[in-house]
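K.L.:
Please find the sequence and the predicted model below.
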Amino acid sequence: MTVAEAAARYIAFCEGMTPASLDRLEAYCAPDIRFRDPFNDVAGVGAYRRVLAKMFDDVGQPRFVVATWALQGDSCLLRWRFSFRRNGGEEVTLEGMSELRFTPEGLVQSHFDVWDAGQVYELVPLLRTLVRLVKRRLSVR
């Protein structure tokens with residue numbers, strides 16, 4: 001399987017992910033996959049599954065949409081949008097990027113997400129004001 005085929009396959013999995021599909025994670029990820037995002041840094045497919053299961057527990061109707069992707073060697077860079085519903089039904093959309101690395105067999109060896117965690121902090125009433133003050137202080141006016 002080429003890296004392009006493996007990337008397309010994993011992207012399709014992520015875009016169609018449901019709680020039930022997490023049982024098939026081993027078909028896409030190496031047993032010792034490393035996953036990192038602003039809140040997690042875990043190793044192993046079981047730990048990665050727990051991160052994804054928690055996402056389904058924490059937010060309503062989570063959905064990933066990959067806008068663009070590019071390949072270089074055994075790596076793939078993704079630009080994506082993640083949307084979900086908050087408790088009150090309000091839709092929230094975050095944008096970010098991922099770096100994926102693949103094994104020669106076409107399994108994801110590492111998945112590193114980069115996105116602005118401040119977008120999530122602003123959803124927490126207690127932190128919203130503080131985050132906005134910091135942004136105002138650091139921005140060029």
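P.N.:
In hand now; what should we look at?

K.L.:
Quick one: neighbours of residue 80, just the number.
P.N.:
20 (other C-beta atoms under 10 Å). In this view, the C-beta of every residue, glycine as well, is placed from N, C-alpha and C.

K.L.:
Tell me what it is bridged to.
P.N.:
Legend: beta-bridge partners of residue 80 under DSSP bridges are residue 66, residue 96.

K.L.:
Return the residues in contact with it.
P.N.:
By C-beta atoms under 8 Å, 6 or more residues apart in numbering, residue 80 lies in contact with 64, 65, 66, 67, 95, 96, 97, 98.

K.L.:
these two touch, right, residue 107 and residue 25?
P.N.:
No - between residue 107 and residue 25 there is no contact, the gap being 10.3 Å when judged by C-beta atoms under 8 Å.

K.L.:
From the chain's centroid, how far away is stretch 1-14?
P.N.:
Centre-to-centre, stretch 1-14 and its host chain are 15 Å apart (C-alpha atoms, centre = their mean, to the nearest Å).

K.L.:
same question for that stretch, mean pLDDT?
P.N.:
Across stretch 1-14, pLDDT averages out at 96.

K.L.:
quick one: buried residues of it?
P.N.:
Neighbour counts using 16 or more other C-beta atoms under 10 Å place 3, 6, 7, 9, 10, 11, 13, 14 of stretch 1-14 among the buried residues.

K.L.:
Just name the closest of those to residue 120, please.
P.N.:
For the buried residues of stretch 1-14, the minimum distance to residue 120 (C-beta to C-beta) is 19.0 Å, reached by residue 14.

K.L.:
Neighbour count: residue 107 and residue 25, which is higher?
P.N.:
Per other C-beta under 10 Å, whichever of residue 107 and residue 25 has more neighbours is residue 107, with 21 against 17.

K.L.:
ok, for the most centrally placed residue in the chain, nearest residue in space, not its chain neighbours?
P.N.:
Centroid check for the chain by C-alpha atoms, centre = their mean gives residue 113 as the closest residue, at 5.5 Å. Computed as C-beta to C-beta, 6 or more residues apart in numbering, the closest residue to residue 113 that is not its neighbour in sequence is residue 37, at 3.9 Å.
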